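# here's a sequence, model it:
(2 chains)
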There are 2 protein chains.
Amino acid sequence: MTIEVNQRSYKLPSHPTVVVCIDGCEPDYFAQAVAAGDMPWLKHTLHDDTALIADCVIPSFTNPNNLSIVTGAPPSVHGICGNYLFDVESGTEVMMNDPKWLRAPSILAALSKAGKRCAVITAKDKLRKLLGHGMQGGICFSSEKSDAVTMEENGIADVLGLVGRPVPDVYSAELSEFVFAAGVQLMRQQRPDFMYLSTTDYIQHKHAPGTPGANAFYAMMDGYLAELDELGCVIVLTADHGMNAKTRMDAKPDVIYLQDLLDGWLGAAATRVILPITDPYVVHHGALGSFATVYLPAGTDDQALCDRLLKQPGIELALPRAEAAERFELPADRIGDIVIVSERSTVLGTSAARHDLTALEVPLRSHGGVSEQRVPLIMNRKAPGLDPLRRWRNFDAFELALNHGQ
Amino acid sequence: MTIEVNQRSYKLPSHPTVVVCIDGCEPDYFAQAVAAGDMPWLKHTLHDDTALIADCVIPSFTNPNNLSIVTGAPPSVHGICGNYLFDVESGTEVMMNDPKWLRAPSILAALSKAGKRCAVITAKDKLRKLLGHGMQGGICFSSEKSDAVTMEENGIADVLGLVGRPVPDVYSAELSEFVFAAGVQLMRQQRPDFMYLSTTDYIQHKHAPGTPGANAFYAMMDGYLAELDELGCVIVLTADHGMNAKTRMDAKPDVIYLQDLLDGWLGAAATRVILPITDPYVVHHGALGSFATVYLPAGTDDQALCDRLLKQPGIELALPRAEAAERFELPADRIGDIVIVSERSTVLGTSAARHDLTALEVPLRSHGGVSEQRVPLIMNRKAPGLDPLRRWRNFDAFELALNHGQ
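Purely as a prediction, here's the structure:
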C-alpha cells in the first residue's frame, strides 16, 4: 500500500523506521569519527549497507531543510525558506516557526492518516509545531520543553520519566543526546511505526570534524543508533546542512556586513537585509551565516547591483529573485529582490552594530551557503539498483527508507 | 632602482627581505593556531600590518606555485604546470624538476644579477634547481640534502654546522623547521638582501587546522618568524596551495579512478591520464590530488567527453585544453586534451591498481583543485592604499614585499 504526498509516492512501513536529521553533519564528521574508532556501528553500516552523499536545500539552514525532509519537497513546495523572513503583508520581520507558513502536507501527516503511529522528537522547540503539523495522533515533543509535555499537545505525558534524565540545557550536547535517548526508549516501550529524530548543531558550531569534542558526540550517537538497529529499525541518517569554519586569519568571524555596505551604496536604510539564519538561539553563531536576501527600493537595477556585489571578495553568488527562486527551488514571494550567498569561509551580517559576537567563545563555524550543501544519506539496509548518477537530496530520506529499505 | 621581470617591475630591497612559501597553508591553519594562542607574532602582525587572502595557481600543487611565486607569473609564462608531465616529444612521463622546463627567468635571478645577495632554502630537494635557476652567486640548498652542500653547487659549505642540527627525515615536521632554523642563522650571520624559504606540507597532509599536531607546527614557525622580524626583515608569508580532507564517510580516500573509468568508456589504454601531483614523495598523499589531465585518442569529441565526466559525482570541472589553458593560465602545449578538477572532498587517481594507499596512516588530506586555491598573503609592514577589490595572487608576494614593504 502506498501514499501520495507532494507528487511522490511512498510505501507504508512494514518495519519500524527511523529517519534521523543530524543538524550540521558535514560528512567529514563521520569520516573522522570512524577513523578514530568512535563509530563502530556506522563503520559497519557504511561497509555493508547504503552510503550516499546528498545535497541539502539552499539556504543550508535548519528549518527549510527539516521541512524538506519531512515533506519530500523543496521550499518552493513547502514554503519554509528560512528560520526568519520579512513578511511583506504585515511589513514586519518574523520567525517562520508557525505552521501558517506551511504550504504542503508532510509525509508524517500522511503516514499518521494512513493509520501508522508516528513520533517526532526534536532538540529545539522551534521546529516542533512545523514538523508535527497535520499529524493525527502520534507523539511530538522537543528535548527543550520535555518537562512541559501533555497528552493533549504532545501525545505523551511524562517524557522525563520515560528517558530518566533531567531537561537538558538548550546550549548543550545533551539536548541532542536526549533526542536519541528518548527515541530509543520510545522504540522499546511503544514501538511506533515511524519516528523522525532531529538534533541540534551546538557541537558542530563549536567543534571541527575529528576533534575530541566532535568525536565524543558522534560516539554517543553511534551507541544509540546501534540500539535502534538491534531493535530491528530501518534507519536513515541525513543532515539539514554541513558546517565550515568562517573565520579570518586572526580567528575573528569573516563577516561582510551587507546592510552597512548597501547603506553606503544606496543610502541609509534604503534596503532591508534579511538573514534567514536568525533564530532565538544565536549564541553559537551570532546570527551569521552564508546566505542573505535583500529587499530593494523600487527602481533599483537588481542585476547591476548583483554584478557589483559579486566583485566583493567573499561573495560567491548574487542573484535576482527569479533566478534565485529557480536555482534553489525557493518560494519567490518569500524572498527579497536579490539573494546573496557567501563563500565557504565568509558569512553575511546586517550591520556590525546589530551582531553581538561577544558570546562566541571559539572561532566561528557556520553554514547557509552552497559550501555547506553536501550531507550524508545513509541507510542500514542494502538498496541495490540505485542510480549512481542520480543527484540525491536530503529530502529523499523518506523515499530511501520507505521505498528501498523495507 | 627597479628591475623588470616577466613584464612586472620590482624595486630593489633596501631592507633584508624574506618571502616564505608555507606548503599547504590553508588560511584556517593560521586562524585556529592564533585562536589557540600558539602564534603571538602572527596575531600581532595580522592586527597591525597587512593581511590579505590570495588565490594560488591551478593546479594547486607545489611546483607550479613555487615557480609562480619566484617568477611573479602564472604557469603560462614560466612553463611549470605540474610536478609531473607527459612529455609529448619523447613520449614519456617525467618529473618536471629540471630547469630545462623553465620558460621564464625568476625575480631571484634578476635580483642576484642586480647585485643583491640572495638565498633560497627549500625543504625538499626537488624544487631546489628550479628555484635557484639563473641566480648569480648566492646560496641555494634544501633541508633534505643539507649534508651534501658544496660552495660550488650551493654557495655554502657547512649547513649542518650553521644550523647545529642533523639532517632531518624527508617525512617529518623537522624538514620544514630546518628551513626556518637555517634561514634565521643565515640572516644572523650573512644578512642576505633577499631570502626565499619554502617548506613542505608533511604536517598539513596529516593534521587538520586546529589540531594539536598542526598548532605545534605553526607555533614553531611563529617563533622563527618573530626572530626574523627582530632582525629587521621585511617578511611576506604566502602558500603554494591549501589543503582539505578528501575522504569518504568511511574514512577511506574518496577517489575517482579516471584511467579505469576512461578505459571502460573508450577502451583499455585508449587514453592516458596524467596526475601532475605525482612526485617521488607520495607516502602522505598516495599521488592522489584534485587535478588531472588526459591525453585522448585522435577523433575524440573532447567537449562531449567533458560533459559526460561532469555528470560523475565528485567532478567539479572538465574542460577542453584551450579553455583550461585560458582559465587557469596554463601552457597549452604541456597539458592533455582535457583537464579535470574534482570537488573539495574528492581526488582523482589513475587506476586503482596503480595507487598504493597502504602508507596512508590517517584519513587522506590533499589538494590540487579550485577548492584549495585560497591562501594567505601577509606582510609585517603596513601597506596603505592597496586596492581592496584586487584579486591578489600568491605570485604577488614579491611585489608586496619589494614594492609595498620597503
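
# alongside chain B, which residues does chain A contribute?
A:27-28, A:30-32, A:34-35, A:42-43, A:46-47, A:51, A:53, A:208-211, A:245, A:247-251, A:311-313, A:345, A:362-363, A:374, A:376, A:378, A:388-389 (CB under 8 Å from any CB of the partner chain). In this view, the C-beta of every residue, glycine as well, is placed from N, C-alpha and C.

# in strands, which of these fall?
If you go by DSSP state E, those have A:Ala51, A:Ile53, A:Ala245, A:Arg374, A:Pro376, A:Ile378 in strands.

# quick one: contacts for A:Pro276?
Neighbouring residues of A:Pro276 by CB atoms under 8 Å, 6 or more residues apart in numbering or on different chains: A:59, A:61, A:64, A:81-85, A:96, A:289, A:291-293, A:368.

# excluding chain neighbours, give the residue nearest to the residue in the stretch 1-150 of chain A that chain B sits nearest to in space.
When scored by CB to the nearest CB, the stretch 1-150 of chain A has A:Ala35 as its residue closest to chain B, at 3.8 Å. Setting aside the residues directly before and after it, A:Ala35 is nearest to B:Ala251 in space (CB to CB, 6 or more residues apart in numbering or on different chains), at 3.8 Å.

# got a pLDDT number for that neighbour?
Listed pLDDT for B:Ala251 reads 96.

# swap in A:Thr358?
On the pLDDT scale, A:Thr358 is placed at 81.

# now do the one 10 residues further on
pLDDT for A:Gly368: 98.

# next up, phi/psi of it, please.
phi 130, psi -20 (degrees, to the nearest 10).

# wait, isn't the residue of the stretch 1-150 of chain A closest to chain B in contact with B:Val362?
Yes. Contact criterion CB atoms under 8 Å: A:Ala35 and B:Val362 qualify, at 6.9 Å.

# where do the domain boundaries of chain A fall?
A:2-243+A:368-404, A:255-366 (automatic domain parsing).

# distance of the residue of the stretch 151-300 of chain A found nearest chain B from B:Ile3?
Residue nearest to chain B within the stretch 151-300 of chain A: A:Ala251 (3.8 Å; CB to the nearest CB). A:Ala251 is 38 Å from B:Ile3, where distance means CB to CB, to the nearest Å.

# more neighbours, those two?
The neighbour comparison of A:Ala251 against B:Ile3 (other CB atoms under 10 Å in any protein chain shown) goes to A:Ala251, with 24 against 17.

# pretty sure A:Leu237 contacts A:Pro27?
No. Contact criterion CB under 8 Å: A:Leu237 and A:Pro27 do not qualify, at 10.6 Å.

# in the helix or strand hosting A:Cys306, what counts as buried?
Here A:Cys306 sits within helix A:302-310, counting by DSSP states H and E. Using 16 or more other CB atoms under 10 Å in any protein chain shown as the test for burial, helix A:302-310 gives A:Asp302, A:Leu305, A:Cys306, A:Leu309.

# the longest helix along chain A: what's the following helix or strand?
Longest helix of chain A, by residue count under DSSP state H: helix A:212-230. Per DSSP H and E, the first helix or strand lying C-terminal to helix A:212-230 is strand A:234-238.

# could you give the angle of that next one to strand A:374-379?
Taking axes from the mean of the first three to the mean of the last three CA atoms, to 10 degrees, one finds strand A:234-238 and strand A:374-379 inclined to each other by 180 degrees.

# neighbouring strands - and their directions - for strand A:234-238?
strand A:17-21 (parallel), strand A:374-379 (antiparallel) (DSSP bridges).

# deepest of those strands, which one?
strand A:17-21 (a mean of 27; mean count of other CB atoms under 10 Å in any protein chain shown).

# which residues are contacting that strand?
A:65-66, A:69, A:183, A:187, A:193-199, A:225, A:228, A:233-240, A:394, A:397-398, A:401-402, A:405-406.

# picking that back up, in the longest helix of chain A, what's buried?
Going by 16+ other CB under 10 Å, helix A:212-230 has these buried residues: A:214-222, A:224-229.

# same question, stretch A:381-393
A:Arg381, A:Trp392, A:Arg393.

# dump these into a markdown table; add secondary structure as well.
Formatted as a markdown table, the buried residues of stretch A:381-393 follow (DSSP: H, G, I helix; E, B strand; the rest coil):
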| residue | secondary structure |
| --- | --- |
| A:Arg381 | coil |
| A:Trp392 | coil |
| A:Arg393 | strand |
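
# as TSV, those with pLDDT and distance to A:Leu266 would be great.
Below are the buried residues of stretch A:381-393 laid out as TSV (pLDDT from 0 to 100; distance: CB to CB, whole Å):
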residue	pLDDT	distance to A:Leu266
A:Arg381	98	54
A:Trp392	97	40
A:Arg393	98	36
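
# chain B: which of those residues is nearest?
Distances from chain B to these, taken by CB to the nearest CB, are shortest for A:Trp392, at 8.8 Å.

# show me the contacts for that closest one.
A:Leu52, A:Ile53, A:Ala54, A:Asp55, A:Leu377.

# what number of residues lie near A:Val94?
12.

# any idea how far it lies from A:Ala216?
Applying CB to CB, the value for A:Val94 to A:Ala216 is 37 Å.

# pull out the buried members of the contacts of strand A:17-21.
The buried subset of those (16+ other CB under 10 Å) comprises A:65-66, A:69, A:183, A:187, A:193-199, A:225, A:228, A:233-240, A:394, A:397-398, A:401-402, A:405.
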